[in-house]
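**Student:** got a structure for you, letters missing:
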């Protein structure tokens, strides 16, 4: 988290002190799993802080956790970005998926064939990812939100646990995605 910020780079960071990992039991279907049950003692994947840096050429995200272990078979980290484009807002996701057979994980950006760099450090309880700004058409600003999910298996999970960077506001019928302030490109 303490990496230097290039001069003129836009950044956004926050601390999540709450022990707010939600548990979703899918035995009765997704409708029965909502809303999530908050389990303060669930430590794996409990997001503690994050930082997003929008530099001249790259977008970097660093996530720090209370604990990041190999206890659950699947770890998914989803960074969702929103930016202006053609009179509307465009969206894309940077997604990292780590499984029992590939603990270092694979990563992709949903906009293009962009290469995304990432590193999962279970020892330091940290995840970093980075990709070229042109993957999002190098907009003047971006907004970021994210979600960390741990699951019992990748296909048809029986349960999953999740922690939001910024929680969804409202109940299931009127839920609104919350994006924070804009991160400006230098």
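**Tutor:** That came through fine. Model, not experiment: these values are computed from the prediction.

**Student:** So which bits of the lowest-mean-pLDDT helix or strand in the chain are buried?
**Tutor:** Using mean pLDDT, DSSP states H and E, the weakest-scoring helix or strand in the chain turns out to be helix 30-33, at a mean of 84. By neighbour count on 16 or more other C-beta atoms under 10 Å, the buried set for helix 30-33 is residue 33. All C-beta atoms are positioned from the backbone trio N, CA, C, and that covers glycine.

**Student:** next one: stretch 123-134
**Tutor:** By neighbour count on 16+ other C-beta under 10 Å, the buried set for stretch 123-134 is 125-133.

**Student:** before we move on, what about stretch 53-71?
**Tutor:** In terms of neighbour count (16+ other C-beta under 10 Å), stretch 53-71 has its buried residues at 53-55, 58-66, 68.

**Student:** Dump these into JSON lines; add distance to residue 159 and pLDDT as well.
**Tutor:** Listed next are the buried residues of stretch 53-71 as JSON lines, based on distance: C-beta to C-beta, whole Å; pLDDT from 0 to 100:
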{"residue": "53", "distance to residue 159": "34", "pLDDT": "96"}
{"residue": "54", "distance to residue 159": "35", "pLDDT": "97"}
{"residue": "55", "distance to residue 159": "38", "pLDDT": "95"}
{"residue": "58", "distance to residue 159": "36", "pLDDT": "95"}
{"residue": "59", "distance to residue 159": "32", "pLDDT": "96"}
{"residue": "60", "distance to residue 159": "32", "pLDDT": "96"}
{"residue": "61", "distance to residue 159": "26", "pLDDT": "96"}
{"residue": "62", "distance to residue 159": "28", "pLDDT": "96"}
{"residue": "63", "distance to residue 159": "22", "pLDDT": "96"}
{"residue": "64", "distance to residue 159": "24", "pLDDT": "96"}
{"residue": "65", "distance to residue 159": "19", "pLDDT": "95"}
{"residue": "66", "distance to residue 159": "19", "pLDDT": "94"}
{"residue": "68", "distance to residue 159": "18", "pLDDT": "94"}
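
**Student:** Inside strands: which ones of those residues?
**Tutor:** Applying DSSP state E to the buried residues of stretch 53-71, the entries found in strands are 53-54, 58-65.
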